[in-house]
Structure formats: C-alpha cells, structure tokens
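Predicted model and sequence below, questions to follow.
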Amino acid sequence: KAGVTQTPRYLIKTRGQQVTLSCSPISGHRSVSWYQQTPGQGLQFLFEYFSETQRNKGNFPGRFSGRQFSNSRSEMNVSTLELGDSALYLCASSSTGGGTDTQYFGPGTRLTVL
Amino acid sequence: QKEVEQDPGPLSVPEGAIVSLNCTYSNSAFQYFMWYRQYSRKGPELLMYTYSSGNKEDGRFTAQVDKSSKYISLFIRDSQPSDSATYLCAMSEGYTGGFKTIFGAGTRLFVKA
C-alpha cells in the first residue's frame, strides 16, 4: 500500500506571496491532518479534514486554510506569507482520525519564506 | 510553561547502550501517550502508544507512563546506529489521532558504531 505523499517536497517563496501544498493520503483513509513543524515550537496541529469537512482546527491565523476533495486528497493554503511561516509542513492520514487509529505521516513539504 | 516538555538533546550513545528518553507534562487529563520516531527528511512514524499508566514492551522498545509524576519514558535496549533519529513524545486526552494531540519538541539521538 502506498504511503502518504506530499508535493512539492521543497518550496521557496517570498514574503507576501501565497502557497498551496498538496497531500494524498493512504488509500481508504478519510481523515487528513496538517501540522507545522519548527525547531522552536515543535509539531503543532493546524487542522483536520474528514469526508471533505474541516472537523478540527488548531490555533493558527486565518491565513492558513485547507480543503479536502471527494477522493480524500487535501490541500493546504497559506496566504500573505510571513518569514515565520518557514517550516516543515506535515500531512498525516488515518482511517477515521479517532479512537486508537494510527496516524501515518508524509515526508513533509519544506517551505522557506525569504 | 509548555504542556509537554522534552529535552531536545542531542543525546549521543555508543552502540549497544540502553537509551532513556523522557517527557514531562502538566495536563492530568492526558490518557494516550505516544512515541514517534522521525528520521531526517522523513515524517514521524508511530513507534508505540500506551493508554493510561503502566509499561508496554515491543521488541527492544519499552514505554513507561507514570501518571502520578506526569512523566513518561521510552527505553531502547541494545541501541543500534539505525536508531539514530529524533524521538517525539506525544499525548492526548481522547485518542491517538491528531486533534488536541500535543507533541514534545523531540530529542535527537545519535548512536555511534
């Protein structure tokens, strides 16, 4: 079974631009979560989508948004990029996102904002 | 103060050593305690999880949870160079999924051959 894939793997943008990241979950998984990982803050939860609906949201500004498609693929968008948005953005999928479901992480997209 | 505290290391040990990785936390409502391993340029992968207090063993790995002290540990026996990675503890109130899962900062481990 193929794992979680994320594209692109690396991205360089400048302040003020916007960016869209993509995540393809494991086949059959309906829950997709997004995380931001930085050396200072560690792994922080952004939001979770289940069956095309945002089910949960972390404490990030409205510049961070996402969506999920009917095939469970998900995209994350960051508008008006700031230097502090430089981070590794990780996507994780699980079957239902609840109970003792295991989350499977993708390799991440490394975003650098100049 | 962060909800979950984890020493970022780095921790360097010789091959074959017993490694002890630890996290402390402040939220007494946490019920699920997880350990993830993250290799360079990869996403985290779940090693094991424990529900409530107690020990759990899986091969060379043992996870311990002491809820009275709000302290969790991961022990790696007979450490191998392939164990060199960042280890993240994580915990949540309701389940092992993403929402409201709080991660530690991660400890970088180097096992020298």
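Noted; the coordinates are in hand.

which phi and psi does residue A:84 have?
Backbone torsions for residue A:84, taken as degrees, to the nearest 10, come to phi -70, psi -10.

Near the closest residue to it other than its chain neighbours, how many other residues are there?
Leaving aside its sequence neighbours, residue A:84 sits nearest to residue A:113 (C-beta to C-beta, 6 or more residues apart in numbering or on different chains; 7.9 Å). C-beta coordinates here come from the backbone N, C-alpha and C atoms, glycine included. By other C-beta atoms under 10 Å in any protein chain shown, the residues close to residue A:113 number 19.

roughly how far apart are residue A:113 and chain B?
From residue A:113 across to chain B, the span is 20 Å (C-beta to the nearest C-beta, to the nearest Å).

centroid residue for chain A?
A centroid search over chain A (C-alpha atoms, centre = their mean) returns residue A:34, at 3.1 Å, as the residue closest to the centre.

what bridges to that one?
residue A:47, residue A:91 (DSSP bridges).

List the residues that contact it.
The contact partners of residue A:34, taken as C-beta atoms under 8 Å, 6 or more residues apart in numbering or on different chains, are A:23, A:45, A:46, A:47, A:48, A:66, A:74, A:76, A:89, A:90, A:91, A:92.

And for residue A:68?
A:32, A:49, A:50, A:51, A:52, A:53, A:54, A:74.

Same check on residue B:113?
For residue B:113, the contact set (C-beta under 8 Å, 6+ apart) comprises B:15, B:81.

Go again with 10 Å.
B:14, B:15, B:16, B:80, B:81, B:84 (C-beta atoms under 10 Å, 6 or more residues apart in numbering or on different chains).

Name the residues of the helix or strand of chain A with the lowest mean pLDDT that are buried.
Every helix and strand of chain A was ranked by mean pLDDT, DSSP states H and E. The lowest is strand A:53-57, at a mean of 89. Neighbour counts over strand A:53-57 (16 or more other C-beta atoms under 10 Å in any protein chain shown) mark A:55, A:56 as buried.
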